[in-house]
Structures are given as structure tokens and as C-alpha cells.
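A.B. asks: show me the folded form of this:
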Amino acid sequence: MKKDNYGFTLIEATISVALMGIISLLSFLALQSSVKSSSLSFVQNEIDSDLRNTYNELSELVKQAYTEASTNVTPPISPAGAEAIQVQNNGRGLRFFVPVPVNNSSFIRSSQPILVQHENEDRASGGVAPNAILDAGEDTNGDRTLTRRLVLVEGNNRRVIGSANCISNVEFQLLPDRSNSNNLPTLLYIYLEGTKRMGPGEGPLIRAELSGTIKLEN
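C.D. replies: Below is the predicted model of the structure:
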């Protein structure tokens, strides 16, 4: 009596192993792509959050700044010592004054000058653009970290705005309010750019932007 052969031939076994290898490779590539996409999304969200926090805090700080609408009129509406907001350092800094209550809100004086400065240790070198990596010679403040932030300076007080340390570029512009007949610059345009590397070392450079216009109240 002839017996049935339930085994595999060498060709069948070879094809099975090859198919399993291809399936395993495709599964690995899909998992790798998913992990990379998740990491990319995480870094992107991190930068977006840093930019929003910086923008929101800066908006609250600067919205009461005195403008030409209150300082360049006769008689001036602003208290003695107040000056109109100024954009400095080729659009990368601000100097402004805000009202400060004295005893109660019905009496105010002007603050001392308030400065917003962009501190950025990331420099172009040898024809290479800033790279979001702490290169040799860039750690000018000695904290072993690549410093890229907006800083508020008022007298002897100094603090980081929004606690972000990824601000790669900023731009400030004073704009006229077209709805106002005097056409004085009472709007502040703010542009923020943030960059980070994904993963350690020279991983992909992730970039995000945020911009908006603030109506200055004084």
C-alpha cells in the first residue's frame, strides 16, 4: 500500500523561510517608521508648546506698553518718564514702559525701562547655518547648554519668557492700526521660530513657527 507523504520538499521549505523573512523585514520597517513618526510628532508638539507659552507670556507682558498714541500727544496721556515702545536690535528686541499702580489703581506711574532680548548661542560657522547643536566655542555663558531663548530684563531682574530654550529666531515689528485715523503704530507683530534635533546627536532638525499681532493698549 502506498503511503501519503505529508512532509515539505526542499523548495517548499526554502520558499516558506524566504516569505517569513520578507514578512519579518516588512514588519520591522513598519514598526521603525511608526516609532520615527511618533518621535517626530513628539518633538514637533514640544516645540509648538514652547512657542505658544513664550508667545502668550510675552503678549501679556507687552500689551500694556505705552505707544506714540499716549506719549506723543499734547498734553501727554502717559505718566512722566514713559516712552513709546521701540523695536531694537534689527527687529530682535523690544524696549517699553508699562503703567504701575501707586497705592491704588486710580494713581499710576511709569515702570522703569523693560527690555526683551533674544539670547542665541547658535551661530553660523564655515558657511554652515545654525544647527541646533552646541558646537565648540558656542557656550558663551558656560552652562553647557545651547542657549536660545527670549529674556525679560527689568532693572536687576532677569528671567526667561515662557521657559523655552529652543527659540532660534524672532522678529518684532510695530504696525499702524488701520482702523484708527491717526495711523500711529499701536500694533506689535511677533514672529517666533523654534528648532530642535530629534534624538541624540545630529538627528533630524525639526522646525516650527508661530506669529501673531497684539493690540497695544496704551
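
A.B. asks: going by C-alpha atoms from here, please, whenever you check contacts or count neighbours.
C.D. replies: Noted.

A.B. asks: for residue 101, which non-adjacent residue is closest in space?
C.D. replies: residue 108 (4.3 Å; CA to CA, 6 or more residues apart in numbering).

A.B. asks: isn't that neighbour right up against residue 98?
C.D. replies: No: when contacts are counted by CA atoms under 8 Å, residue 108 is not listed as touching residue 98 (9.7 Å).

A.B. asks: who's more crowded, these two?
C.D. replies: Between residue 108 and residue 98, counting by other CA atoms under 10 Å, residue 98 is the more crowded of the two (26 against 15).

A.B. asks: now do the contacts for the nearest residue to the more buried one once chain neighbours are set aside.
C.D. replies: Closest residue to residue 98 in three dimensions, ignoring its sequence neighbours and counting by CA to CA, 6+ apart: residue 65, at 4.7 Å. Contact partners of residue 65, counting by CA atoms under 8 Å, 6 or more residues apart in numbering, are 84-85, 96-99, 216-218.

A.B. asks: low pLDDT regions in the chain?
C.D. replies: 1-8, 10, 12-13, 27-39, 104-106, 181, 200-201 (pLDDT under 70).

A.B. asks: 90 instead, please
C.D. replies: Filtered on pLDDT under 90, the chain yields the residue ranges 1-45, 69-81, 100-109, 123-140, 142, 144-145, 163-164, 177-184, 197-206, 217-218.

A.B. asks: can you verify my assumption that residue 117 contacts residue 158?
C.D. replies: No: applying CA under 8 Å, one finds residue 117 not in contact with residue 158, separated by 10.3 Å.

A.B. asks: which one of those two is surrounded by more residues?
C.D. replies: More neighbours surround residue 117 than the other of residue 117 and residue 158, with 20 against 12 (other CA under 10 Å).

A.B. asks: shared neighbours, residue 117 and residue 158?
C.D. replies: 151-152.
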